Every structure is written in C-alpha cells, then in structure tokens.
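K.L.:
take a look and give me a structure for this.
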Amino acid sequence: MSALNNTKFQPGVFYLSGILGQEDVFVWISIPFCFIYFTSILGNSVILLIIKTDQTLHEPMYIFLSMLAATDIGLSISTMPTTLGIFWFNSREISHDACFAQLFFIHCLGFTESSILLLMAFDRLVAICNPLRYALILTPSRIATMLLVTLLRGVAVIFPLPILLKQHHYCQANVLSHFYCLHQDVMKLACSDIRANAFLGLFGILFSEGLDFLLILLSYVMILKTVMKIVSHTERLKSLDTCISHIYIVLLFYLPLLGLSLTHRFVKTISPIVQIVMGYVCFLVPPLMNPIVYSVKNKHIRGRMIRMFVK
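P.N.:
Numbers count the residues shown, from 1 in each chain. Presented below is the predicted three-dimensional model:
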C-alpha cells in the first residue's frame, strides 16, 4: 500500500487500495469478479421472477426468500461500481460523501439480510413446531409488518454512523484497505475522537447481527426438540430437510462476517490481501451462493427454473 500512502493528501477525498501491485493484470482479474456480479444479479433476479409469476409460491417462506434475493441484488450493486472502477479505469479516488453513502447502503443491506435470515428461521420454526396454526400466525399483514420493521431497523441502526463520520476531521491518512467503503475502515482514518463511532458500530453489530444469530440458534434448538419427538425416522429427515437450505445460507452469511468484524476490531497487523479476500467472501459469496443453494435444494424453485430456461 506504500504507493497510495505516498499520495498527496487531498481534503474531502479517500483512496481505495484494491489489490496493489497487480495493475498490469487488472483486466484479467476483473473477469471472475464480473462473472460473480453477473451471476449473482441474474440468479437472484430469476428467483424474484419465479416467485412473482408462480402463484403457488406466494407463501411466507418464498416471500422471505424473495426479500433475501432483493437484498442480495442490492449488496452486489452497492459494491460493484468502485470495484469495477478500480479494475477497468484504475479509479481509486472517492469523495467523502460518496464513500459515506456507499458504506450506509452496504451495512444497511447487510443488517437487513441478517434480519431476513431470522424471519426465515421463524418461518421454519412455526412450520415444524406449530404446523396447524401456520397460516394463522404468518398472515400477509403480519409478514408485511415484519418486513417493514426489518427494513426500518437496518436504517435506524446504520443512519447515525455516516452522519458521525461526516463530522470528523481527516487530516493525514486517506487510504482505505478495500475496493469499497466500510465503516470500520473509514473511522480509523479520522484524526478526531472516534469513540462514539466505535461504540455505535459495535452496538449495531450486537443488536442486529449478533442478536439475530442468537435467535436463529434458539429457533433451531426448538426445532430439533420438536423433530426428536417425531416417532418416524423418515418424517424426522423430511422435517429437517426443509431447513437445510436455510442453514447453508446462515453459515455462508455469518461466518465470513464474524471473521471480518473481529479482524477489523482486534487484529492490529494483517495482510491487505487477507482483508480484501475476507471482505469479498463476506459481500460476494452470499449473493452468489444463495440462489444456487435454493435452486439445488428446493424442488419447486429448481423445477420452475428448469422450465424457464428450457423454454
């Protein structure tokens, strides 16, 4: 990162480091990134189209899945412009306002995705533990309320962070370690007191993603207790099989996110390449893999997708 560290300081501007020293092969490196972006947006768009056009899929589980797909599209679009700008035009400069806006959308959509994963766990809990009241509990109005609260919570938790960042002074360092802006990365560059940002950032993670993860674990404990009471071994496996897809995407989302958050907060010295890889595993892999997981594990989505592409 030495080349960027020697860049003359300009007020109101950050520099995105990306992958330093590999500028000669940026065009080639951009190919897998473009493929991942295109595949993520296409796969999640197909999921949305299938659920919208197939009346038999207008059930709570698929409504939550469509919201997950929409969030994944938003995450891909939020990180795409600066990444491809670096690869194609070596454009590393980003204004403070654009950076704050980007980190707001990235973190807000990340928190929203966490909440949707919790709603999907709740859907599985009701379907397995209280199937006779499933339609009475998950009514359309209640689902709409839960989704609205999910979105508002994400906005409320993240909204103060870019406002506080805007109040700070950035007088020396202005080089960020990723292809895009993250709150933890930006606040370290401030030469004023960042304790409020650090506290609110940690509170946001614990209140949203941390709490969601604990509630998801609690949901699956209750699901397992119910499933173990089923006498038939075949019925047990059938009940658990409906949760496999959700478990996959929960692990894909939370494990990289936990690693990235802990690294930024508690690891003082770490290779920039490791930071970049962890960041992209966190923000690129879930949008790419979620439609793949559901198209493989869910026979309704898989069958509808096959018919769509065959036609």
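
K.L.:
and the closest residue in space to Y248 that isn't next to it in sequence, which of the three is it?
P.N.:
Take Y248 and drop its neighbours on the chain: the residue closest to it by Cβ to Cβ, 6 or more residues apart in numbering is V293, 4.9 Å away. C-beta here means a position set from N, CA and C on the backbone, and glycine is covered the same way. What DSSP: H, G, I helix; E, B strand; the rest coil gives for V293 is helix.

K.L.:
any idea how far V46 is from P32?
P.N.:
Distance, V46 to P32, by Cβ to Cβ, to the nearest Å: 21 Å.

K.L.:
more neighbours: these two, which one.
P.N.:
Taking neighbours as other Cβ atoms under 10 Å, V46 and P32 compare with V46 leading, 18 against 10.

K.L.:
who's in contact with that one?
P.N.:
Neighbour list for V46: 291, 305, 308 [criterion: Cβ atoms under 8 Å, 6 or more residues apart in numbering].

K.L.:
now the first one: closest residue in space, sequence neighbours ignored.
P.N.:
Spelled out, that is P291. Leaving aside its sequence neighbours, P291 sits nearest to G43 (Cβ to Cβ, 6+ apart; 3.4 Å).

K.L.:
and that neighbour, how close does it get to I137?
P.N.:
For G43 relative to I137 (Cβ to Cβ), the value is 30 Å.

K.L.:
more crowded one of those two?
P.N.:
A count of neighbours by other Cβ under 10 Å puts G43 above the other of G43 and I137, at 22 against 15.

K.L.:
helix/strand/coil for the more buried one?
P.N.:
From three-state DSSP, the assignment for G43 is helix.

K.L.:
just to revisit the earlier point, I'd say the residue nearest to Y248 and V250 touch.
P.N.:
No: when contacts are counted by Cβ atoms under 8 Å, V293 is not listed as touching V250 (10.6 Å).

K.L.:
buried residues, stretch 184-191. List them.
P.N.:
Buried residues in stretch 184-191, defined by neighbour count with 16 or more other Cβ atoms under 10 Å: 184-187, 189-190.

K.L.:
name the element the nearest residue to F105 once chain neighbours are set aside belongs to?
P.N.:
Using Cβ to Cβ, 6+ apart and skipping the chain neighbours, the partner closest in space to F105 is S78 (4.5 Å). Per DSSP states H and E, S78 falls inside helix 60-89.

K.L.:
who touches stretch 187-199?
P.N.:
With contact meaning Cβ under 8 Å, 6+ apart, stretch 187-199 is reached by 14, 161, 164-165, 168-176, 183, 201.

K.L.:
from those residues, which land in helices?
P.N.:
Among the contacts of stretch 187-199, DSSP state H puts 161, 164-165, 183, 201 in helices.

K.L.:
could those go into TSV alongside distance to S114 and neighbour count?
P.N.:
Formatted as TSV, those follow (distance: Cβ to Cβ, whole Å; neighbours: other Cβ atoms under 10 Å):
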residue	distance to S114	neighbour count
L161	16	22
L164	22	17
L165	22	22
H183	15	24
G201	15	24
